[in-house]
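1. Could you look at this predicted model? Sequence included:
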Amino acid sequence: MIKLYTDGAAKGNPGPGGYGAILKFGHHEKELSQGFRLTTNNRMELLAVIVGLEAIKKHGIPITIYSDSKYVVEAVKQGWIWGWEKKDFKNKANPDLWKRYIKLHHKFEPKFVWIRGHAGHPENERCDQLAVAAAEGGDLEVDREYENSVPKG
């Protein structure tokens, strides 16, 4: 089984943000993270899942995703994303990321487990450290979809 642990962070919401993810398969472990100059916490939570899934090269192996984001976990487990998809994500946040996730969902059919954040779960704590460090780093990327959707004024 592949285990994917994820977390997202934003300093201000919106503000600088980042994601952290840890992939575990057998004795192998890979950490992923990136920061963005302007984004939201929910975008980073969802992007951590997406980037983690995109990093998986093997198919047909069960995947469990551990996240402290009720936004992400509930949207998938409760099936809300399928209703949003039917309405082309009208009036929903982050349609670009949800569309990207749905393609990966069909490919991997992952299971989700919600875990309480900041409760001493070692991988969740590490993902939080990765996300915060990325958000505070000097190599911040542009979250183009988000920045293009923010009203200019």
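-> Noted; the coordinates are in hand. Numbering: from 1, shown residues only.
2. hey, let's count contacts and neighbours off CA atoms from now on
-> Noted.
3. Check the burial of residue 62 by counting its neighbours.
-> 12 (other C-alpha atoms under 10 Å).
4. Then residue 11?
-> By the other C-alpha under 10 Å criterion, the neighbourhood of residue 11 contains 17 residues.
5. show me the contacts for it.
-> If you count contacts by C-alpha atoms under 8 Å, 6 or more residues apart in numbering, residue 11 has them with 17, 135.
6. contact partners of the strand or helix carrying residue 124?
-> Residue 124 is part of helix 122-136, with elements assigned from DSSP states H and E. Outside helix 122-136, the residues that touch it by C-alpha under 8 Å, 6+ apart are 5-11, 16-22, 32-37, 67-68, 117-118, 140.
7. How is residue 38 assigned, secondary-structure-wise?
-> When classified by DSSP: H, G, I helix; E, B strand; the rest coil, residue 38 comes out as strand.
8. correct me, but it touches residue 16?
-> Yes. Residue 38 is within contact range of residue 16, at 4.7 Å (criterion: C-alpha atoms under 8 Å).
9. Distance check, residue 35 against residue 142.
-> Relative to residue 142, residue 35 is positioned 9 Å away (C-alpha to C-alpha, to the nearest Å).
10. who's more crowded, those two?
-> The residue with more neighbours, out of residue 35 and residue 142, is residue 35; 29 against 14, by other C-alpha under 10 Å.
11. Quick one: list the elements packing against the helix or strand encompassing residue 102.
-> Using DSSP H and E, residue 102 sits within helix 95-108. With contacts taken as 3 or more C-alpha pairs under 8 Å, 6 or more residues apart in numbering; DSSP states H and E, helix 95-108 sits against helix 41-54.
12. Who are the packing partners of the helix it packs on?
-> Secondary-structure packing of helix 41-54 (3+ C-alpha pairs under 8 Å, 6+ apart): strand 2-10, strand 15-25, strand 28-39, helix 70-77, helix 95-108.
13. The same query, at a cut-off of 6 Å, please.
-> Applying 3 or more C-alpha pairs under 6 Å, 6 or more residues apart in numbering; DSSP states H and E, we find helix 41-54 packed against strand 2-10, strand 15-25.
14. contacts for it?
-> Contacts with helix 41-54, where a contact means C-alpha atoms under 6 Å, 6 or more residues apart in numbering, come from 6, 7, 8, 9, 10, 18, 19, 20, 21, 101.
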